[in-house]
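Peer 1: Mind folding the following:
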Amino acid sequence: IRPFATGGDVLSLTRKRLRERSELSRRTSKNSASKGESVNQPDARFRFIDLFAGLGGFHVALAELGGQGVFAAEWEPTLNSLYKTNFGIAPWSDVSDLDSDAKIALEIPDHDVLTAGFPCQPFSKAGEQLGFEHTLQGQLFFKVFEILKVKRPRRFILENVPNILKHDNGNTLKTIKNKLENELGYKVTVERLSPHQFGVPQIRERAYFIGSLDGLDDFKLPEPTRNETDISSVLQQGSVDVRAVPEQTLRAIDMWDDFLRLSGEVKLPSFPIWSMEFGATYPYKDATPPALWKEQKAHGLDEFQGNFGFSLSGLTVEQQFALLPTHSRRPGDYKFPTWKQSFIRQNRDFFEANSSWILPWMNKWKPWEFPSSLQKFEWNAQGEERRIDKFVVQVRASGIRVKRTSTAPSLIAMTHTQVPILGSEIAGIRRYMSPHECAALQSLGKILLPESDLHAYKALGNAVNARVVKEIAEPLLAQFLADESSSDQQVAA
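Peer 2: Below is the predicted model:
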């Protein structure tokens, strides 16, 4: 009897065979797409299901390791149909319809690995953070729990935003681990990982819950690569058909490029630049505009200046409201948090120290005529040449953010205005990254994307990164791959 292959031996012995099987998997998926069902792959080394599947990042990763998808679920109609086209499986629509143990047992095939990127909005900093109290999405983790309870796969990988680890003062994490470990008997570890750690030019940290019924003593993630990355590795060559960047956004980029030029040798702030605080004097430490309105009506702000130094004297509350930054006038905001006080103070101090060149810049560009998001600026390229067109730009509610080309901004569930913009010295012209370039940032290969670019960008922002999943899955599934290696060695003998 040939000895059973172990950890590192298995991974090195099987890589070539897994590449061959990955190609076979892609061919069979494409051939079966019109049938709307998964082709049986008797030589697949493990079977997996893909819940809240989206564009299929989990499927891409596990198929490359020789796995066969046997069930998927995706409620969004466009992505549901597209999953069938890409992978040959007609997904279940709403997992909430799997409303009993008997139905789960009947409808979901037996499988070795469960994957799920359960909805992150209830736990995201960008949302209301209702967590499990969210009437629909917050409860979907418990559907994953029910499926694990009934089907008992030997492994699982769950993905969510990193804020889930701190949500509700850590109680959400405790609940999840208690359900999985104490009630179901899985050994669970949680990893915070980002694509840039594995050679993909995107910083997008996510929390991964990794579970096994066989323990995790032998599970070890590969060491993150220290290789340099650059966004150029995912860019399409030649003419790229993408939506035009709005003229107002282009003008705002020009405005901030001029700000950088005028700054000369001045050390640029590491904090976000809030230009609406340039010239402002309204109170922000011991009092706030809403607090003074409550106590003294409009008279409380008569002696102060609002955004960009506009006088608040003699105005009604409504008129004063229009001349104050959005971050300073929220009803009931009677005391600003420490971080906000700090940003206001830092921006006013920066203006006072540099007003000789900032005031002419303000008079030239009139930043108050731009939306609030374009009045704010983040320079994440300290020490580099102060020229925006050499870098990557993203417009967010927090402002125009400029980043080095070593990594793209984190893809989020984007509107088209939040898609990364490439500077003209990177792409020839200032343009949005294309959906296919964003798909490369998510390591999704050449899968078909939604026809509408807006739908494609949103889906890509919600997608799980296939490269990160593969890096997790390869050591997690070493026992399944070892079964294959052992069989191959015995046949060879």
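Peer 1: List the buried residues for stretch 236-256?
Peer 2: 240, 242, 245, 249, 252-253, 255-256 (16 or more other C-beta atoms under 10 Å). C-beta: built from backbone N, CA, C; applies to glycine.
Peer 1: Quick check: next helix or strand after the lowest-mean-pLDDT helix or strand in the chain?
Peer 2: Ranking every helix and strand in the chain by mean pLDDT, DSSP states H and E puts helix 7-32 at the bottom, with a mean of 44. Following helix 7-32 in sequence order, the next helix or strand is strand 46-51 (DSSP states H and E).
Peer 1: ok, that following strand: who's next to it in the sheet?
Peer 2: strand 67-72 (parallel), strand 113-116 (parallel) (DSSP bridges).
Peer 1: tell me the average confidence for the last one?
Peer 2: Over the span of strand 113-116, the pLDDT mean works out to 98.
Peer 1: Which residues does it contact?
Peer 2: With C-beta atoms under 8 Å, 6 or more residues apart in numbering as the test, strand 113-116 has contacts from 46-52, 58, 62, 67, 144, 147-148, 151, 153-159, 469, 473, 477.
Peer 1: Now with 7 Å, please.
Peer 2: Residues outside strand 113-116 that contact it (C-beta atoms under 7 Å, 6 or more residues apart in numbering): 46, 48-52, 58, 62, 67, 144, 147-148, 153, 155-158, 477.
Peer 1: want to try TSV for the strands paired with strand 46-51, with distance to L301 as columns?
Peer 2: Shown next, in TSV, are those (distance: least, C-beta to C-beta, whole Å):
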stretch	distance to L301
strand 67-72	57
strand 113-116	51
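Peer 1: right, and those strands - which one's nearest T405?
Peer 2: strand 113-116 (31.7 Å; C-beta to C-beta).
Peer 1: Of all the residues in the closest one, which ones are buried?
Peer 2: For strand 113-116, a neighbour-count test (16+ other C-beta under 10 Å) marks 113-116 as buried.
Peer 1: What's the first helix or strand after that strand?
Peer 2: Past strand 113-116, the next helix or strand by DSSP H and E is helix 140-151.
Peer 1: could you give the angle of the helix or strand following that following helix to helix 140-151?
Peer 2: On the C-terminal side of helix 140-151, the nearest following helix or strand under DSSP H and E is strand 155-160. Going by axes from the mean of the first three to the mean of the last three C-alpha atoms, to 10 degrees, strand 155-160 is angled at 170 degrees with respect to helix 140-151.
Peer 1: Check which element follows strand 155-160 along the chain.
Peer 2: Moving toward the C-terminus from strand 155-160, the next helix or strand (DSSP H and E) is helix 171-177.
Peer 1: Please point out which parts of the following helix or strand past that following helix sit buried.
Peer 2: Moving toward the C-terminus from helix 171-177, the next helix or strand (DSSP H and E) is strand 187-193. Neighbour-count burial for strand 187-193, counted by 16+ other C-beta under 10 Å, picks out 188, 190, 193.
Peer 1: can you check stretch 437-448 too?
Peer 2: Applying 16+ other C-beta under 10 Å to stretch 437-448 flags 437-444, 447 as buried.
Peer 1: With just CA atoms, put it into CSV.
Peer 2: What follows is stretch 437-448, C-alpha atoms only, in CSV (Å, rounded to 0.1, in the frame of the first residue of the first chain):
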residue,chain,number,x,y,z
GLU,A,437,-11.4,45.4,-15.5
CYS,A,438,-13.4,45.4,-12.3
ALA,A,439,-14.1,41.7,-12.8
ALA,A,440,-10.4,41.1,-13.0
LEU,A,441,-10.0,42.9,-9.7
GLN,A,442,-12.4,40.3,-8.3
SER,A,443,-10.4,37.5,-10.0
LEU,A,444,-13.5,36.4,-11.8
GLY,A,445,-11.8,35.5,-15.1
LYS,A,446,-13.9,35.7,-18.3
ILE,A,447,-17.4,35.1,-16.9
LEU,A,448,-20.2,36.9,-18.6
